[in-house]
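*Asks:* Sharing a model that was predicted from the sequence below.
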Amino acid sequence: MTAPALKLKSTPLNSIHRKLGGRMVEFGGWDMPVQYPAGTVEEHVRTRTHAGLFDVSHMGEIDVRGLDAVAFVNGLVSNDASKLVDGQAQYSALTTPEGTVIDDLLVYRFAEDHLLLVVNAGTTDKDWDWISSHRENEDIELRNVSADYCQIAFQGPDALGILQKLTRLPLSEIKYYHFREGEVDGVPAIVSRTGYTGEDGFEVYASPDKAERLWNKSLDAGNFGADDGVLACGLAARNTLRLEAGMCLYGHEIDETTTLLEANLGWITKLNKGYFIGRDRLLKQKEEGIGRKLLGFEVTDRGIARDGQDVLIDGQRVGQVTSGSPAPFLKKNIGMAYVPVEFANEGRAIEIDVRGRRVGAQIVPLPFYKRPKQ
Amino acid sequence: MANVPENLHYSKDHEWVRVEGDTAVIGITDHAQDQLGDVVYVELPRAGDEFVANESFGSVESVKAVSEIFTPVSGKVAEANDSLTDEPEKVNKDPYGDGWMIKIKMSSSGEVDSLLTAAEYEDFTKAENE
């Protein structure tokens, strides 16, 4: 056990997490619950079968207003922000001139002159500096509004029903990757049909001074404590849920050394939309072909692959695990890794160097888990 | 509070030892399993493997992390609890009973005397958490 570093940032729900028995850890400079007494496995499975509630208030928010808001942002991100309509959200990435990733983010469009960028906690300051430094004489106003919002994620098949008890917004009418502004528990909020678990669900943004009440009301509405009720979920379950769903985590699958095309993020890389930072390099990489590729694997021997371990093919070290973990719902040990494209075919047997022991695994299609269609 | 039975010896790496004649039964403490969270994988040595005190004899993994397990005493493994292969959750449910890990035939009986008593181990974990 190491003592926490000084001056960790805390979300408005910090004391609630402690009261609930959350085990607190440092994450991206924040003091966050990694799990609650129910444990990661139960939190993960409950989110897949009923519902999970996650405090994601550590995420950063950058507000962009002005007539040039869309054009300005579109020059910095890989997806096409000009395609957004009011009330729509888009998964995107801030790119370097090399086509690698400064951060992945959600772009929300409130109006043609108003976007909100939701970025990762640990990269908020870096993103802010990067975005501000590209400002020239556009008609825009940039504000780091991270402290103005708490964010609570309702995820899982029961999430809609639980959240609906707290709002008059017609939740079933909100389409995936769309949002509405309204009231939740009588408090102004943004309700977005998005998430990071592979389940249906919503992310609710509200004023931080309302966070505790909103959290407690949500647990009550979801029958927290019952075997089929909502569970408060920590960062460990958030990580295993996103991994099963095959989603990238910044600092693991993507960072400033990986390009979007290598990370299977070609679908958010709109090379025909016009200029954005890194476009030329990505175009060139698309023409020439990528050298390595992110893939999924399932461990076939006994053992658990972990982040940073080497991948071997025919005895040669060819890549590294970016995320490796037990998958609590699938009950398998899975992971993602970069390997040279010539080896990256599904079904191929690979090995993972698990602390000196070579453990067999097999390349499988991503995502590992896809929720059943309703 | 974590359960710390009186009749056991404890290491600063959070293992417990129960002496049965010249055999030491070894596992991890209630405090250790609580800190780890859900145990999903346990790797143990085979009978006949030899270890010296403070050497790593295996590992225990939760969803989030891997922890090595160290033997507080030297000797030869007489038996490993192979049932943990299929039921690693026993380590969480019954760390001092069904969740035991190995039995070691001790080569030096004096080693247990240098381990912590229950009261000393309790003080140690308190100090570690402060």
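*Replies:* Great, that's in hand.
*Asks:* Could you pull up the residues touching the closest residue to A:H134 other than its chain neighbours?
*Replies:* Spatial nearest neighbour of A:H134, chain neighbours left out: A:L76 (6.2 Å); criterion: C-beta to C-beta, 6 or more residues apart in numbering or on different chains. Every C-beta, even on glycine, is put in place using the N, C-alpha and C of the backbone. Applying C-beta atoms under 8 Å, 6 or more residues apart in numbering or on different chains to A:L76 gives the contacts A:L94, A:T95, A:W130, A:I131, A:H134, A:F276, A:I277.
*Asks:* Output the lowest mean pLDDT helix or strand found in chain A.
*Replies:* strand A:23-27 (a mean of 94; mean pLDDT, DSSP states H and E).
*Asks:* Just the C-alphas of that strand, formatted as CSV.
*Replies:* What follows is strand A:23-27, C-alpha atoms only, in CSV (Å, rounded to 0.1, in the frame of the first residue of the first chain):
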residue,chain,number,x,y,z
ARG,A,23,-11.8,1.5,-2.2
MET,A,24,-10.2,4.7,-3.3
VAL,A,25,-7.2,4.9,-5.7
GLU,A,26,-5.4,7.5,-7.7
PHE,A,27,-6.5,7.7,-11.4
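*Asks:* Three-state assignment for the residue nearest to A:V77 when sequence neighbours are not counted, please.
*Replies:* The shortest distance from A:V77 to any non-neighbouring residue, by C-beta to C-beta, 6+ apart, is to A:S92 (4.3 Å). Using DSSP: H, G, I helix; E, B strand; the rest coil, the structure places A:S92 in strand.
*Asks:* Now for A:S92, how many residues are close by?
*Replies:* Neighbourhood size, A:S92 [other C-beta atoms under 10 Å in any protein chain shown]: 27.
*Asks:* now it: how far from A:K284?
*Replies:* Note on A:S92: its distance to A:K284, by C-beta to C-beta, to the nearest Å, is 21 Å.
*Asks:* which parts of stretch A:337-346 are buried?
*Replies:* In terms of neighbour count (16 or more other C-beta atoms under 10 Å in any protein chain shown), stretch A:337-346 has its buried residues at A:A337, A:Y338, A:V339, A:F343, A:A344.
*Asks:* cool, and stretch A:312-320?
*Replies:* Result for stretch A:312-320 [16+ other C-beta under 10 Å]: buried residues A:L312, A:I313, A:V318, A:G319, A:Q320.
*Asks:* quick one: low-confidence ranges for chain B?
*Replies:* Under the criterion pLDDT under 70, the flagged ranges of chain B are B:1, B:130.
*Asks:* Report the central residue of the chain.
*Replies:* In the absence of a named chain, chain A is used. A:Y196 (4.9 Å; C-alpha atoms, centre = their mean).
*Asks:* let's do chain B instead
*Replies:* B:G27 (2.5 Å).
*Asks:* Go ahead and list the helix or strand containing that residue.
*Replies:* B:G27 is part of strand B:23-28 when elements are defined by DSSP states H and E.
*Asks:* which helices and strands does that strand pack with?
*Replies:* Contact here means 3 or more C-beta pairs under 8 Å, 6 or more residues apart in numbering or on different chains; DSSP states H and E; on that basis strand B:23-28 packs against strand B:15-20, strand B:102-106.
*Asks:* could you check the distance from A:I268 over to A:G201?
*Replies:* Distance from A:I268 to A:G201, by C-beta to C-beta: 20 Å.
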